[in-house]
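Chemist: Model the structure of this input:
(chains A and B)
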Amino acid sequence: MLLVGFCWPSYLFSDLLYGRTDNVAKYVRTWDMSKILPPEAGLEVQGVFHRYTITKEANADATVSIVNKNLNGSSNLYERHDSWNKLPSNTKIGFDLITPSLGKRWGKGSIDVTGEAELSDVIVAYNYRFDPCFIPLADPSCPDYESALYKYLLDNNLINNEPDVNDPYYNQWVQFQLELKAEQKEEEDKEKQEAKEEEQEELKMEKALSVAGAAEQIANPTQQLAMMQQLASTGTLDVYYGTTIEGGKYEDTVTLEDSNIEDNTRALRNLAQDTLHRTLVRSQYDK
Amino acid sequence: MIKKLATAILLMSASSALAVDSPIQGQVQSKCSVWTETSGVYGHPLPYKLSTTPADGGVKASIRIDVAQADYYKAKFTHPNSFSSSPTLNDSVAWTGSTIVGQVSVAGMSAYEAAKVTYNNVTEFNLTLAGSTWFTVSSTAQYGSTKSLPAGNYTAIIKAECIAK
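Modeler: As a prediction, the model looks like this:
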């Protein structure tokens, strides 16, 4: 039963969610990516936006660099170097689309200018995306939630054992157990209902068959004779046969006290209506 | 008999296709596009003056030009020297205006400003790099010597073009 429950096909699917961080360089020129990116598991950085104004002498040399360290190595995960050599001051806007990479790999970020120049109105922001169902157990609406939960319970030997209350998926386990119980109860109720209906059907059939037998017996002449004999023989008619009426004259017991009897007008009206009705009906045939 | 008939039909059809015009089709899409990012607004700081300068209560127009192929196009901006619609004016209007490089997507585009060519009310930029460039256009109109402008709505047009070199 448990396995059947987990084999239900799941038609749910999750979409990637996209977002952009706030301006990480609003007040500082270096930042820690672990404090910038949302904590969602499986989050990937897929673009870097920048905007800055450089102020310098047109004939001076300067380079603006935007860099992100690779947390797992010494190299840079992202770097951009804008050369402003012999160029006048200006405001630059840019967006670098990059191959999506896990946010956990992104280390310290920075924007710097080398040479005789100053930066102002700096904006650096990271575009990211993540799958809200990267961990299927995160949300019951995620596809593969059931199988992930089953695997988790199986791996932790919790199928028939209650996990510790501190277990991160204790609530999910409780929910799962409740659903399982509800499902079992529903199945039991259904079976009971079916058995009851079947029993009632059988009783109806028996009753119908018994009535049919009685009718057959009543129609049988031998049975009829036996019934008559039974009625006559056991004094069933004695009450009627045994009553004696004395002879003599029986006077009327009804006495009319009034000498004038009023006509029953209601009866007369009914009779008049009857006559009218009869006339109407007859008129259809007497044409 | 059937074979002969088939051959005859084949010969007829072959003879009707001795020459054909076979077209070659192609589609050209410009690799330069012009977008108005911010429409200009005239402020009215003085009775006789309309100006897009923010200090005068106006808004300068911002026009972006995207170039996909470097060094094949030039940008040409014509700031207004007449109103496209306005109340009836009985006196002359003195026009001034300018176009500058506002923002760039590549640092090297910053050099466009120094290399621009200006004549009459026209400013031209040589788009030598691929990417987006934001141009800021300002415009000022002064009526008569210092005569009050008639009340009503005033509209002037900036012409921004991307021209193949």
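
Chemist: Against A:Gln177, how distant is the most centrally placed residue in chain A?
Modeler: Taking Cα atoms, centre = their mean, the centroid of chain A lies closest to A:Ser141, which sits 11.1 Å from it. Look at A:Ser141 and A:Gln177: by Cβ to Cβ, to the nearest Å, they are 19 Å apart. Using the backbone N, CA and C atoms, a C-beta is placed for each residue, glycine as well.

Chemist: Same check on A:Glu262?
Modeler: The value you get for A:Glu262 to A:Gln177, if Cβ to Cβ is used, is 88 Å.

Chemist: who's more crowded, the two?
Modeler: Using other Cβ atoms under 10 Å in any protein chain shown, the more surrounded residue of A:Glu262 and A:Gln177 is A:Gln177, with 13 against 6.

Chemist: Show me what residue 65 is bridged to.
Modeler: Picked chain A for this. A:His81, A:Asp112 (DSSP bridges).

Chemist: wrong chain, I was asking about chain B
Modeler: B:Val34, B:Thr133.

Chemist: ranges for the strands of the chain?
Modeler: Assuming you mean chain A. Per DSSP state E, chain A carries strands over the ranges A:17-20, A:30-31, A:44-56, A:62-70, A:76-83, A:90-102, A:106-115, A:117-130.

Chemist: looking at chain B here, not the other one
Modeler: Listed in chain order, the strands of chain B (DSSP E) span residues B:32-38, B:43-46, B:49-51, B:61-67, B:73-78, B:93-104, B:117-119, B:122-127, B:131-143, B:159-164.

Chemist: Would you mark the buried spots in the first one?
Modeler: Of the residues in strand B:32-38, those with enough neighbours to count as buried (16 or more other Cβ atoms under 10 Å in any protein chain shown) are B:Cys32.

Chemist: Which neighbouring elements make contact with it?
Modeler: Under the contact criterion of 3 or more Cβ pairs under 8 Å, 6 or more residues apart in numbering or on different chains; DSSP states H and E, strand B:32-38 touches strand B:61-67, strand B:159-164.

Chemist: ok, back up a step: with mean pLDDT added, can I get the strands of chain B in TSV?
Modeler: Below are the strands of chain B laid out as TSV (pLDDT from 0 to 100):
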stretch	mean pLDDT
strand B:32-38	96
strand B:43-46	96
strand B:49-51	97
strand B:61-67	97
strand B:73-78	97
strand B:93-104	96
strand B:117-119	97
strand B:122-127	97
strand B:131-143	97
strand B:159-164	96
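
Chemist: Tell me which of those lies nearest to A:Thr53.
Modeler: Nearest of those to A:Thr53, taken as Cβ to Cβ: strand B:93-104 at 8.7 Å.

Chemist: Just checking: what are the partner strands of that closest one?
Modeler: Paired neighbours of strand B:93-104 in the sheet (DSSP bridges): strand A:90-102 (parallel), strand B:131-143 (antiparallel).

Chemist: Could you single out the most deeply buried of the ones you listed?
Modeler: Highest mean neighbour count among these (mean count of other Cβ atoms under 10 Å in any protein chain shown): strand B:131-143, with a mean of 21.

Chemist: near chain B, which residues of chain A?
Modeler: When proximity is defined as Cβ under 8 Å from any Cβ of the partner chain, chain A approaches chain B at A:51, A:58, A:64, A:82-84, A:87-94.

Chemist: hmm, 7 Å instead?
Modeler: For chain A, the residues in contact with chain B (Cβ under 7 Å from any Cβ of the partner chain) are A:Asp82, A:Ser83, A:Trp84, A:Leu87, A:Pro88, A:Asn90, A:Thr91, A:Lys92, A:Ile93, A:Gly94.

Chemist: ok, back up a step: winner for burial among the helices and strands packed on strand B:32-38?
Modeler: strand B:61-67 (a mean of 20).

Chemist: start to end distance for stretch B:146-160?
Modeler: End-to-end span of stretch B:146-160 (Cα to Cα, to the nearest Å): 30 Å.

Chemist: Could you do stretch B:51-58 as well?
Modeler: End-to-end distance of stretch B:51-58 (Cα to Cα): 6 Å.

Chemist: Name the residues that touch it?
Modeler: Defining contact as Cβ atoms under 7 Å, 6 or more residues apart in numbering or on different chains, one finds that stretch B:51-58 is touched by B:Gly40, B:Val41, B:Tyr42, B:Gly43, B:His44, B:Pro45, B:Val59, B:Lys60, B:Ala61, B:Ser138, B:Ser139, B:Thr140.
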